[in-house]
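Enquirer: Mind looking at a prediction? Sequence and model below.
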Amino acid sequence: MSKYCCNQTISDFFQTFQFEDLFEKRNTPVAHVVGFWDYKSFITAAAVHQLLGFGTTGGFDMQMKEVAAFLGHVGAKSSCGPEAWGLCYNKEMSPSKDYCDDYYKFDYPCAPGADYYGRGAIPIYWRPCN
C-alpha cells in the first residue's frame with residue numbers, strides 16, 4: 001500500500017488479462033526472450049515502487065495514466081515491431097554502439113573499462129548536463 005493515496009495497488013486496476021491482451025505476442029516465436037516477461041513479475045517489481053508513489057498518486061485516473069505511460073514506454077523500447085509489439089527483448093540489440101561521445105570526453109568522460117548501452121526496457125540515456 002502506498003502512503004501517498006487511496007490504499008490501492010496497481011493490481012487493483014491493472015489485471016492479468018489486461019497485461020496478456022497488451023503484450024499478447026511476448027511469448028510467440030518472434031519474441032527473443034520467450035517466458036522472460038510476465039504479469040506476476042511486473043506486479044512484484046511495481047510493488048517496490050508503489051511505496052514511493054508509482055501508480056498510487058493523484059487519484060484513479062492519474063494512476064491509470066501513469067501505469068499506461070510506463071507500459072507504453074516499456075512496450076515501445078522492447079518491441080519487435082508491428083508483428084510483435086512490446087516485451088520482445090530484454091537488452092539492447094546493438095550493444096557494440098559507442099555511447100561515449102568524443103566531443104564531451106573531457107567534460108563528461110566515460111569510465112575506463114565500462115560499457116554504455118541500453119539496459120532493456122528502461123534504457124539509460126546519456127545526455128550531458130549544461
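Expert: Yep, that arrived. Everything numeric here is computed off the predicted structure, so don't read it as measured data.

Enquirer: tell me what the host helix or strand of residue 44 is packed against?
Expert: Assigned by DSSP states H and E, residue 44 falls within helix 39-50. On a contact count with 3 or more Cβ pairs under 8 Å, 6 or more residues apart in numbering; DSSP states H and E, helix 39-50 meets helix 16-22. C-beta here means a position set from N, CA and C on the backbone, and glycine is covered the same way.

Enquirer: so where's the longest helix in the protein?
Expert: In the chain, assigned by DSSP state H, the helix with the most residues is helix 59-77.

Enquirer: quick check: angle from that one to helix 39-50?
Expert: Counting by axes from the mean of the first three to the mean of the last three Cα atoms, to 10 degrees, helix 59-77 lies at 120 degrees to helix 39-50.

Enquirer: Residue ranges in the protein under the pLDDT threshold?
Expert: 1-7, 94-99, 115-130 (pLDDT under 70).

Enquirer: Let me know the outermost residue of it.
Expert: In the chain, residue 106 marks the outermost C-alpha relative to the chain mean, sitting 31.2 Å out by Cα atoms, centre = their mean.

Enquirer: give me phi/psi at that one?
Expert: Main-chain dihedrals, residue 106, degrees, to the nearest 10: phi -90, psi -40.

Enquirer: related to what we said a few turns ago, what does the helix holding residue 44 contact?
Expert: 1, 2, 9, 10, 11, 16, 19, 20, 54, 55, 56, 67 (Cβ atoms under 8 Å, 6 or more residues apart in numbering).
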